[in-house]
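>>> okay, predicted coordinates and the sequence, questions at the end:
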Amino acid sequence: MTSPTVKRIVMVVAKAPARGQTKTRLGATIGLDAAADFYQCLLLDVLDIVRAVPRITRAIAYLPVGAEGFFREIAPDFELVLQQGDDLGARLDHVLTHALTAGYTQAAVMSSDTPLVDPGAITQSFTELDQGADVALGPCDDGGYYLMALRAPQPDILRPIQMSTPRVLQDTLNAAARLDLRVALLPMTRDIDTADDLRGIQAELEHLPTTTAPRTRTWLQHQLT
């Protein structure tokens with residue numbers, strides 16, 4: 001049984017949806033406005049996934065500066081943490097280190113565009129930490145990861161890694177091995193960055209309960225039919 005002194009936080013890493021600022025690779029195919037609308041659907045579905053995880057603090061690690069009003073409107077039940085750093089690795093390290101030095105004993109960051117994640121995978125990440133893992137990682141099918149959970153700051157598996165490449169997960173695993181860190185892998189999920197990914201997630205949703213990713217599902221039905 002988890003000690004009652006364990007304090008856990010899950011921080012969704014998000015940007016305010018804006019033309020040309022979110023899902024830009026997808027926007028090159030479907031249009032920048034459509035990509036921003038789609039990203040908002042993904043984000044709202046991910047927030048609901050995190051809401052389904054019990055006994056955690058929920059937060060959004062957000063950008064840009066000045067977007068607080070948007071995030072307070074869509075998620076008044078989430079705390080807000082401003083991302084800080086020159087690149088994604090530095091920003092992830094900053095929010096995780098901040099949480100783990102501010103009273104939380106376990107902290108996770110989660111992507112805002114993976115709406116098929118089962119809430120149980122997030123719970124599993126903390127269970128793995130309870131059982132001795134130093135790092136829990138949720139792989140994506142594109143070679144990245146949708147979640148990292150830690151019980152102590154680990155800047156050396158974040159700051160040196162070149163993000164947004166097909167080698168992010170493997171490079172992170174290699175860095176963890178060099179540091180002799182124990183890593184637990186969670187179930188894999190689909191990332192959504194290209195037009196082909198849209199068809200893929202639509203096909204996957206056909207085999208999942210209608211309560212799964214409802215906003216993403218509705219957007220796809222309207223846009224791809």
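The structure has been received and is ready for your questions.

>>> okay, residue 225: pLDDT?
We have a pLDDT of 62 for residue 225.

>>> tell me who's in contact with residue 6.
Listed by Cβ atoms under 8 Å, 6 or more residues apart in numbering, the contact set of residue 6 reads 105-106, 126, 130. In short, each C-beta sits where N, CA and C put it, glycine included.

>>> same question, residue 45
Applying Cβ under 8 Å, 6+ apart, we find residue 45 in contact with 115, 213-216.

>>> make it 6 Å
With contacts defined as Cβ atoms under 6 Å, 6 or more residues apart in numbering, residue 45 is in contact with 115, 213, 215-216.

>>> which two among those residues are spaced furthest apart?
With distances taken as Cβ to Cβ, the most widely separated pair in those is 115 and 215, at 8.0 Å.

>>> higher neighbour count, those two?
Between residue 115 and residue 215, counting by other Cβ atoms under 10 Å, residue 115 is the more crowded of the two (26 against 17).

>>> please identify the helix or strand for that one.
When secondary structure is defined using DSSP states H and E, no element contains residue 115, which sits outside every helix and strand.

>>> that one contacts residue 213, doesn't it?
Yes: here residue 115 lies in contact with residue 213, judged by Cβ atoms under 6 Å, at a distance of 3.9 Å.

>>> quick revisit: keep only those of the contacts of residue 45 that are in strands.
Using DSSP state E, no member of the contacts of residue 45 falls within strands.

>>> which single one of those is nearest to residue 142?
Of all these, the one with the least separation from residue 142 (Cβ to Cβ) is residue 115, at 15.0 Å.

>>> mark which of the contacts of residue 6 are part of helices, please.
Residues from the contacts of residue 6 lying in helices, with DSSP state H as the criterion: 126, 130.

>>> any chance of the contacts of residue 6 in CSV, plus pLDDT, neighbour count and distance to residue 7?
Compiled in CSV, the contacts of residue 6 are given as follows (pLDDT from 0 to 100; neighbours: other Cβ atoms under 10 Å; distance: Cβ to Cβ, whole Å):
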residue, pLDDT, neighbour count, distance to residue 7
105, 98, 18, 5
106, 98, 23, 7
126, 98, 24, 11
130, 98, 15, 13
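
>>> from the chain's centre, how far out does the least confident helix or strand in the chain by mean pLDDT sit?
When the helices and strands of the chain are scored by mean pLDDT, DSSP states H and E, helix 24-30 comes last with a mean of 88. Computed by Cα atoms, centre = their mean, to the nearest Å, the separation of helix 24-30 from the middle of its chain amounts to 20 Å.

>>> likewise stretch 90-110?
With Cα atoms, centre = their mean, you get 13 Å for stretch 90-110.

>>> list the buried residues of it.
91-100, 104-110 (16 or more other Cβ atoms under 10 Å).

>>> restricting to C-alpha, output that stretch in PDB.
Output for stretch 90-110, consisting of C-alpha atoms alone and laid out as PDB, is shown next (Å, rounded to 0.1, in the frame of the first residue of the first chain):
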ATOM      1  CA  ALA A  90      15.200  22.100 -20.200                       C
ATOM      2  CA  ARG A  91      11.500  23.000 -19.700                       C
ATOM      3  CA  LEU A  92      10.600  19.400 -18.800                       C
ATOM      4  CA  ASP A  93      13.500  19.300 -16.300                       C
ATOM      5  CA  HIS A  94      12.500  22.600 -14.800                       C
ATOM      6  CA  VAL A  95       8.900  21.700 -14.100                       C
ATOM      7  CA  LEU A  96       9.800  18.200 -12.800                       C
ATOM      8  CA  THR A  97      12.600  19.500 -10.600                       C
ATOM      9  CA  HIS A  98      10.400  22.300  -9.300                       C
ATOM     10  CA  ALA A  99       7.700  19.800  -8.300                       C
ATOM     11  CA  LEU A 100      10.100  17.400  -6.700                       C
ATOM     12  CA  THR A 101      11.800  20.100  -4.600                       C
ATOM     13  CA  ALA A 102       8.500  21.700  -3.600                       C
ATOM     14  CA  GLY A 103       7.100  18.900  -1.600                       C
ATOM     15  CA  TYR A 104       6.000  16.300  -4.100                       C
ATOM     16  CA  THR A 105       7.600  12.800  -3.800                       C
ATOM     17  CA  GLN A 106       6.600  11.700  -7.200                       C
ATOM     18  CA  ALA A 107       6.100  13.800 -10.300                       C
ATOM     19  CA  ALA A 108       5.100  13.100 -13.900                       C
ATOM     20  CA  VAL A 109       4.900  15.200 -17.100                       C
ATOM     21  CA  MET A 110       2.500  14.100 -19.800                       C
END
